[in-house]
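A.B. asks: Predicted model, plus sequence, below.
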Amino acid sequence: MTPFVRGALPSSAVKAEYQKALVSLVDEMRDSILRHLRARYRAREVEIIGMDASPARELEELLRRLFRGWDRKFEEFAALRSLAFARRVKKSATSQLYNSLREAGLTVAFKNSRRVNNMIQAIVAENVGLIRSIPQRLKNDVREVVMRSVQSGRDMGFVMEEVEDRCKVSRNRAVTIARDQTNKATEAISRARCEEIGITEGIWMHRSGSKVPRSTHKAMNGKRFKLADGIYDSAVGFEVKPGELINCHCTFRPVLPDLAAPGEKA
């Protein structure tokens, strides 16, 4: 039997705290944009319905000013939250792995190694980029809706409904980012922790988080693989690691190399 221990799972508490904070910021942005846009659009609605293009420049300047402020707020949020998030994930994953190894009869002393520190920096960088992209994407979507509505002479009700729909997309994306980043960070730190103490292989554990799980990942369940390499995924055409792809909830169970059966290979 292949020797392995329990792997680390994403912390629901870390994910919930991160998601709540990020979604709250997105909701605040939505309310601000709808409030300002509604007031300005209402003031110029007669001209817009009359197909007067002059309000377009005024509305475009309003959006530019609003999103300039929200870009800054999301940058500040990313600067404050990303490192704290990565450190909380590191603490959770390290604690779970430590306890699993101790249950298997092994006591290890995890350190702040260069490998783990590099992983933390990578997690922070990706996190910052994703957070900053939220208002940037919404800005383009809202501008397109407003400019097209002005050109077509649409009334305020139509515009507000369309803009709110775009804001819902941003909110859903924030939820996905929080969940996906927690999964990715947990798996990445778990791999780094294992490799720093000489554990180089794992057993893929499929965990479905959607109604349509990846069939290739289901087929990987129970397979042994090199932590540094992953397993070839024919659906994407390259090797993948647990949690690496968007919305992948898979994890791994570390294989203890000094207890492996003689001659057993991945």
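C.D. replies: Thanks, I have the structure now. Bear in mind that the values here come from a model prediction, so they are computed numbers and not experimental data. Numbers count the residues shown, from 1 in each chain.

A.B. asks: Can you tell me the closest non-neighbouring residue to the residue most central in space within the chain?
C.D. replies: Taking C-alpha atoms, centre = their mean, the centroid of the chain lies closest to I177, which sits 2.6 Å from it. Spatial nearest neighbour of I177, excluding adjacent residues (C-beta to C-beta, 6 or more residues apart in numbering): L130 at 5.1 Å. All C-beta spots, glycine's among them, are computed from the backbone N, C-alpha and C.

A.B. asks: Correct me if wrong: the one you found contacts R179.
C.D. replies: No. The pair L130 / R179 is not scored as a contact, 11.9 Å apart, by C-beta atoms under 8 Å.

A.B. asks: quick one: the strands in the stretch 101-250 of the chain?
C.D. replies: Ranges of strands in the stretch 101-250 of the chain, per DSSP state E, counting those that start in this stretch, are 201-205, 224-226, 231-233, 238-240.

A.B. asks: Return the most buried member of these.
C.D. replies: strand 201-205 (a mean of 22; mean count of other C-beta atoms under 10 Å).

A.B. asks: want to try JSON lines for the strands of the stretch 101-250 of the chain, with mean pLDDT as columns?
C.D. replies: As requested, the strands of the stretch 101-250 of the chain are exported to JSON lines (pLDDT from 0 to 100):
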{"stretch": "strand 201-205", "mean pLDDT": "95"}
{"stretch": "strand 224-226", "mean pLDDT": "96"}
{"stretch": "strand 231-233", "mean pLDDT": "97"}
{"stretch": "strand 238-240", "mean pLDDT": "97"}
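
A.B. asks: Any chance of the ones you listed in TSV with distance to N172 as columns?
C.D. replies: Listed next are the strands of the stretch 101-250 of the chain as TSV, based on distance: least, C-beta to C-beta, whole Å:
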stretch	distance to N172
strand 201-205	27
strand 224-226	32
strand 231-233	25
strand 238-240	24
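
A.B. asks: what about those strands, which gets the closest to P254?
C.D. replies: Closest approach to P254 among those is made by strand 201-205 (5.4 Å; C-beta to C-beta).

A.B. asks: Now do the contacts for the nearest residue to S82 once chain neighbours are set aside.
C.D. replies: Distances taken as C-beta to C-beta, 6+ apart put N127 closest to S82, at 4.1 Å, once the chain neighbours are dropped. By C-beta atoms under 8 Å, 6 or more residues apart in numbering, the contact list for N127 reads A78, R81, S82, F85, A86, Q181.

A.B. asks: Look up how far E201 lies from D229.
C.D. replies: D229 sits 10 Å away from E201, going by C-beta to C-beta, to the nearest Å.

A.B. asks: shared neighbours of the two, anything?
C.D. replies: By C-beta under 8 Å, 6+ apart, no residue touches both D229 and E201.

A.B. asks: give me the low-pLDDT residue ranges for this protein?
C.D. replies: 1-3, 45-54, 209-211, 258-266 (pLDDT under 70).
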